[in-house]
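Peer 1: please work out how this folds:
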Amino acid sequence: MQENQINGYSPTPHAQRYYAWFVICIASLFFFYELVQMSMFNAISSDLMASFQVSAAKLSWISSGYFYANILFMLPAGIILDRFSTRAIIVVSMLICITGTLLFSFAESLPVAMFARFLTGIGGSFPLLSCMRLASRWIPYKRLALASGLIVTIGMLGGCFAQRPLEYLSQHFGWQSALRLDAAFGALVLVLIFSIVRDFPRHLQDSPTAKPKALSILEGLKLTVNNHNNWIFGFYTCLMNLPVFLLGQTWGSLYLQQVRGLSLDQAMMTTAMIFVGMIIGSPTLGYLSDRLQARKPLMMICAIFAIANIAAIMLIPSLSWLSLSILFWLLGYITSAQVLSYPAIAENNKTQVVGTALGLASVLIMAGGAFGEPLSGWLLDLNWHHIYHGATPWYSSANFFESFLMMPIAFLISLLILLPKFRSNHPRK
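Peer 2: Numbers count the residues shown, from 1 in each chain. So this is what the prediction gives:
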């Protein structure tokens, strides 16, 4: 009872509690839509390389424009969310995201394409932070890891949609028309969110506990930056999320076709298994963490298994389609332990700076995409012999091995940073 009152949540009727989860699910559709935009390059990378006549390195720079915007705007996004209406911020940021996607569909030059991705990235700085901010108001903290898992699950469904369905639309209507349909779908989601989502439960709209006294921007930043747990959890999630950036969103389909010999359809379905694994892993690991009231042990165990899993994908020479699908599913399930960072951050920061703290962590997370994707593209091109099949560059298994080597290294680092003792408490209690 005391915990619920402190975090801005009080016991409500049975239907009201279900409605709280309904609001979070509807708000999470923004995250769903944003994961489609973030992941779409995996489905249309070959079309884009042929259309813009670029290699992997240049394509990765276009894609990374999204993440550069994330890095620049996620910390300000957290500060804004601590001070203004979450619902209004969702509406404005989603409009920016839709505009960026629509502009990209009309792009005929690299600068315009890069700017469009940057614009989409600005809008993409807000969905996860917004959903987590709403969850901290609508859901009790003893269920916050489960709520985080549910939010990420809905987002990962967007990652799945950006695989085979988007590839199907691209093959039948062209990638430009596919993205215009994508923008229209975003407009429908925006109307739904605007109609249903509210900042607080109705019984807390005028409650003094719903809107605690705001800190100054400098005070909030100081509290956030000086909390070492924010850095640990942010870097952990950044490193564990690298397979989503490299395999799920950019190079997975190309790797499976060119090295593993899968067809385009098989490659897209296999890549989607990363997101399916995260869809299942995020809520189950969140629920288990809530039950155990512990984050660190699960996070460390999953980092160890992630090293073994990616080693199997990279080192076992002959793998069937089924084996690859299982390994990609396991990779998604294991790395979904990253969702435990979000409730841990919310628990270890004052209410007034939860958005800022999540913003700092998100900057670190997206830095993995901003720097990881161009680095992987550069490594692919480093020892590439400029072989083309049609207009598409063709890479060897050695090229991909050199590019993907950063993933097991990242998992090892994610394990090592958890070894120093850190607190996982509830300072607001």
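
Peer 1: from here on, contacts and neighbour counts on C-alpha atoms
Peer 2: Fine.

Peer 1: contacts only, for Leu119.
Peer 2: For Leu119, the contacting residues are 66, 69, 96-97, 99-100, by C-alpha atoms under 8 Å, 6 or more residues apart in numbering.

Peer 1: you'd agree Met299 is up against Ala337?
Peer 2: Yes. If you go by C-alpha atoms under 8 Å, Met299 and Ala337 touch, sitting 5.7 Å apart.

Peer 1: more crowded one of the two?
Peer 2: Ala337 (30 against 27; other C-alpha atoms under 10 Å).

Peer 1: distance check, that one against Arg295.
Peer 2: To Arg295, Ala337 is 9 Å away according to C-alpha to C-alpha, to the nearest Å.

Peer 1: ok so, going back, just the contacts of Leu119: which are in strands?
Peer 2: Among the contacts of Leu119, no member falls in strands (DSSP state E).

Peer 1: chain center to stretch 289-309: distance?
Peer 2: Centroid displacement of stretch 289-309 relative to its chain, using C-alpha atoms, centre = their mean, to the nearest Å, is 19 Å.

Peer 1: how about residues contacting that stretch?
Peer 2: Contacts of stretch 289-309 (C-alpha under 8 Å, 6+ apart): 142-146, 240, 285, 327, 330-331, 334-335, 337-338, 340-341, 344, 408, 411-412, 414-415, 418, 424.

Peer 1: filter the residues you listed down to the ones in helices?
Peer 2: Residues of these located in helices (DSSP state H): 144-146, 240, 285, 327, 330-331, 334-335, 341, 344, 408, 411-412, 414-415.

Peer 1: what's the PyMOL line that selects buried ones from these?
Peer 2: The buried residues among the ones in helices among the contacts of stretch 289-309 can be selected in PyMOL (16 or more other C-alpha atoms under 10 Å) with this line:
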select buried, resi 144+145+146+240+285+327+330+331+334+335+341+344+408+411+412+414+415
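
Peer 1: please name every helix or strand in contact with the strand or helix carrying Phe73.
Peer 2: For Phe73, the host element (DSSP states H and E) is helix 56-81. With contacts taken as 3 or more C-alpha pairs under 8 Å, 6 or more residues apart in numbering; DSSP states H and E, helix 56-81 sits against helix 14-52, helix 110-123, helix 127-138, helix 354-382.

Peer 1: can you give me the neighbour number for Phe22?
Peer 2: With other C-alpha under 10 Å as criterion, Phe22 counts 14.

Peer 1: shaky segments in the stretch 201-350 of the chain?
Peer 2: In the predicted model of the stretch 201-350 of the chain, residues 203-215 satisfy pLDDT under 70.

Peer 1: all helices of it, in order?
Peer 2: 217-225, 228-240, 242-243, 252-258, 264-292, 296-315, 321-335, 341-347 (DSSP state H, counting those that start in this stretch).

Peer 1: which neighbouring elements make contact with the last one?
Peer 2: The one in question is helix 341-347. Where contact means 3+ C-alpha pairs under 8 Å, 6+ apart, helix 341-347 is packed against helix 144-161, helix 228-240, helix 354-382.

Peer 1: can you give me the angle the shortest one makes with helix 321-335?
Peer 2: Put plainly, it is helix 228-240. Relative orientation of helix 228-240 versus helix 321-335 (axes from the mean of the first three to the mean of the last three C-alpha atoms, to 10 degrees): 170 degrees.

Peer 1: buried set for helix 228-240?
Peer 2: 229-240.

Peer 1: about what we covered before: in TSV, list the helices of the stretch 201-350 of the chain along with distance to Ser170.
Peer 2: Formatted as TSV, those follow (distance: least, C-alpha to C-alpha, whole Å):
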stretch	distance to Ser170
helix 217-225	43
helix 228-240	30
helix 242-243	24
helix 252-258	15
helix 264-292	13
helix 296-315	28
helix 321-335	23
helix 341-347	34
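
Peer 1: the helices and strands packed on helix 341-347: which one's closest to Pro127?
Peer 2: helix 144-161 (9.4 Å; C-alpha to C-alpha).

Peer 1: export only the CA atoms of the closest one, formatted as CSV.
Peer 2: Provided in CSV are the C-alpha atoms of helix 144-161 (Å, rounded to 0.1, in the frame of the first residue of the first chain):
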residue,chain,number,x,y,z
LEU,A,144,7.0,-2.3,-13.7
ALA,A,145,9.4,-4.9,-15.1
LEU,A,146,6.4,-6.8,-16.6
ALA,A,147,5.0,-3.5,-18.0
SER,A,148,8.5,-2.8,-19.5
GLY,A,149,8.5,-6.3,-21.1
LEU,A,150,5.0,-5.8,-22.5
ILE,A,151,6.0,-2.4,-24.0
VAL,A,152,9.1,-3.9,-25.6
THR,A,153,7.0,-6.9,-26.8
ILE,A,154,4.6,-4.7,-28.7
GLY,A,155,7.6,-2.8,-30.1
MET,A,156,9.2,-6.0,-31.3
LEU,A,157,6.0,-6.9,-33.1
GLY,A,158,6.8,-3.8,-35.2
GLY,A,159,10.3,-5.2,-35.8
CYS,A,160,8.6,-8.4,-37.1
PHE,A,161,6.2,-6.4,-39.3
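
Peer 1: and the next helix or strand past that helix?
Peer 2: Next element after helix 144-161 (DSSP H and E): helix 164-173.

Peer 1: pLDDT on that next one, on average?
Peer 2: The predicted model gives helix 164-173 an average pLDDT of 84.

Peer 1: please name every helix or strand in contact with it.
Peer 2: helix 14-52, helix 175-196, helix 264-292.

Peer 1: next, the angle helix 144-161 makes with it.
Peer 2: 20 degrees.

Peer 1: now do helix 164-173 against helix 264-292, angle only.
Peer 2: Going by the same axes, to 10 degrees, helix 164-173 makes 160 degrees with helix 264-292.

Peer 1: which outside residues touch stretch 226-236?
Peer 2: 224-225, 338, 341-342, 344-345, 348, 357-358, 360-362, 364-365, 414-415, 417-418, 422-423.

Peer 1: can I have the buried ones of these as a PyMOL selection?
Peer 2: Those of those that count as buried under 16+ other C-alpha under 10 Å are selected in PyMOL with:
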select buried, resi 224+338+341+342+344+345+348+357+358+360+361+362+364+365+414+415+418
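
Peer 1: gap between Ala147 and Arg295?
Peer 2: For Ala147 relative to Arg295 (C-alpha to C-alpha), the value is 15 Å.

Peer 1: tell me the contacts of Gly124?
Peer 2: Counted by C-alpha under 8 Å, 6+ apart, Gly124 has contacts 34, 66, 70, 93-94, 97.

Peer 1: for the residues you listed, pick the one with the most neighbours.
Peer 2: Neighbour-wise, these (other C-alpha under 10 Å) top out at Asn70, 30 neighbours.

Peer 1: I figured that residue was touching Pro127, is that so?
Peer 2: No. The criterion here is C-alpha under 8 Å, and Asn70 misses it with Pro127 at 11.2 Å.
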